[in-house]
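Trainee: Below are the sequence and a predicted model; questions follow.
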Amino acid sequence: MRAQKPTASESGGTSGAQAKVPEGTRAVLDGPEINRALTRVAHEVLERTKGGHEVTLLGIPSRGVPLAQRLARRIERVEDLSVPTGSLDITMYRDDLRLAPARALGRTEIPDGGLDDRVVVLVDDVLFSGRTVRAALDALGDLGRPRAVQLAVLVDRGHRELPIRADYVGKNLPTSLRETVDVRLSETDDQDAVLLGPSRSRAGSAGSADQEVDS
């Protein structure tokens with residue numbers, strides 16, 4: 001059967017638009033490349049989980065949530081399977097709250113049926129130090145007992161500080177600690193792109209925690 005092209009709702013709407021690249025940065029993924037990466041990850045999830053019938057997708061706010069929703073739509077197109085999808089806020093489980101205590105809480109939404117005995121796939125935009133994932137695992141422990149926990153990320157930029165690795169990766173992107181990976185999605189940023197630019201100060205990155213502090 002010939003594969004169908006992603007619809008606007010699957011890609012996020014404006015993923016085909018030319019990325020707006022700030023001065024000093026360069027685009028390493030554009031909208032169509034993000035779409036292809038997510039389609040590949042969706043197929044890998046289905047293959048590894050033998051059809052995805054026990055899978056629950058949990059996006060880590062903020063950009064992990066729309067990424068999880070896009071993966072769910074792709075899985076539904078391939079397998080005609082509705083995958084439970086939710087969000088997992090890890091704010092209160094972070095290990096750097098004392099460094100930047102003023103943080104807005106995200107939303108935790110667990111699909112009907114809960115997490116017990118499910119294969120939970122955590123979804124995030126960038127994997128960096130691994131500390132976000134560690135916090136997510138702690139949060140999961142308070143919400144249920146999954147049969148297995150897996151990790152899907154759009155970008156793995158390296159520089160791990162904890163023994164954590166992703167099961168599914170859209171793009172492995174070797175980076176310097178002097179660089180920042182900025183993921184933009186149409187749901188949150190009105191465009192789809194992954195940008196590589198100069199690093200922001202860790203002290204001033206509370207609003208960009210996905211990149212510099214906790215990923």
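Mentor: Right, received. Where do you want to start? Numbers count the residues shown, from 1 in each chain.
Trainee: Go ahead and confirm residue 78 touches residue 42.
Mentor: Yes - checked against C-beta atoms under 8 Å, the pair residue 78 and residue 42 is within contact range at 6.7 Å. All C-beta spots, glycine's among them, are computed from the backbone N, C-alpha and C.
Trainee: shouldn't residue 59 be in contact with residue 87?
Mentor: Yes - applying C-beta under 8 Å, one finds residue 59 in contact with residue 87, separated by 5.1 Å.
Trainee: between the two, which one's more packed in?
Mentor: Between residue 59 and residue 87, counted using other C-beta atoms under 10 Å, residue 59 has the larger neighbour count: 27 against 22.
Trainee: quick one on the thing from earlier: what's the overlap in contacts for residue 59 and residue 87?
Mentor: 65, 68 (C-beta atoms under 8 Å, 6 or more residues apart in numbering).
Trainee: follow-up on the earlier one: when residue 78 and residue 42 are compared, which one has more neighbours?
Mentor: Neighbours were tallied for residue 78 and for residue 42 using other C-beta under 10 Å; the higher tally belongs to residue 42 (24 against 18).
Trainee: so the more buried one sits in a helix?
Mentor: Yes - Residue 42 forms part of a helix when assessed by DSSP: H, G, I helix; E, B strand; the rest coil.
Trainee: Surely it touches residue 76?
Mentor: No - Residue 42 is beyond contact range of residue 76, at 9.4 Å (criterion: C-beta under 8 Å).
Trainee: can you pull out the helices in the protein?
Mentor: 8-11, 31-48, 64-79, 131-141, 186-189, 209-212 (DSSP state H).
Trainee: To residue 170, which of the ones you listed lies closest?
Mentor: helix 31-48 (3.4 Å; C-beta to C-beta).
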